[in-house]
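S.K.: Here is a sequence with its predicted model. Questions after.
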Amino acid sequence: MGPCAGGAVYSPALTDFIFMVKNTSYMFVTGPDVVKTVTNEDIDMEGLGGAKVHTSKSGVAHFALNNDVELLQYVRNFYDFLPLNNKEKSPIKPTSDDPRRQIPVLDKIVPHNPNMPYDMRNILKLVCDDLHFEEVA
């Protein structure tokens with residue numbers, strides 16, 4: 001939420017999960033004006049260090065959300081899946097899934113040809129409790 005520039009931008013890159021708001025969150029060591037002066041390249045703040053750049057190219061950020069409220073709601077839900085500290089166990093959530101449920105389609109998802117690609121996310125979604133799977137990019 002909001003911009004981060006200069007030396008302060010190194011700290012978020014070292015943390016576990018980075019959440020950014022599209023079109024308002026930026027992370028870069030130096031801004032567009034300096035880039036223009038040094039390289040003569042015109043680039044805006046979003047292209048230099050916005051949420052899309054950091055969630056799809058650099059890998060510095062993991063989640064990009066549309067606004068501050070959506071981000072805060074998402075973070076609250078996300079942290080419900082994590083322990084409060086390193087000495088606690090992960091939270092256990094009740095599920096409506098039968099622990100012995102059968103998933104016959106699993107026999108057909110993985111191709112017989114080992115050189116044939118398939119989307120592992122489809123398998124994960126099927127075997128996760130209540131079909132809930134949250135991918136961390």
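M.R.: Ah, there it is. Numbers count the residues shown, from 1 in each chain.

S.K.: Next SSE downstream of the longest helix along the chain?
M.R.: Ranked by residue count and defined by DSSP state H, the top helix of the chain is helix 68-79. Using DSSP states H and E, the helix or strand that follows helix 68-79 in sequence is helix 106-109.

S.K.: which other residues reach that next one?
M.R.: 118, 122-123, 126-127 (CB atoms under 8 Å, 6 or more residues apart in numbering). Every C-beta, even on glycine, is put in place using the N, C-alpha and C of the backbone.

S.K.: Now it - C-alpha only, CSV.
M.R.: Output of helix 106-109 as CSV, limited to C-alpha atoms (Å, rounded to 0.1, in the frame of the first residue of the first chain):
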residue,chain,number,x,y,z
LEU,A,106,-7.4,-38.0,-10.6
ASP,A,107,-6.8,-41.2,-12.6
LYS,A,108,-7.3,-39.2,-15.8
ILE,A,109,-5.6,-35.9,-15.1
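
S.K.: so where's this protein uncertain?
M.R.: Within the chain, no stretch has pLDDT under 70.

S.K.: List the residues that contact the most centrally placed residue in the chain.
M.R.: Against the mean C-alpha coordinate of the chain, by CA atoms, centre = their mean, the closest residue is residue 62 at 2.7 Å. Applying CB under 8 Å, 6+ apart to residue 62 gives the contacts 17-19, 55, 136-137.

S.K.: from these, which would you call buried?
M.R.: Buried members of the contacts of residue 62, scored by 16 or more other CB atoms under 10 Å, are 18-19, 55.

S.K.: between those, which is nearest residue 46?
M.R.: Distance to residue 46 across the buried ones among the contacts of residue 62 (CB to CB) is lowest for residue 55, with 12.2 Å.

S.K.: Please report the distance of that closest one from residue 111.
M.R.: 29 Å (CB to CB, to the nearest Å).
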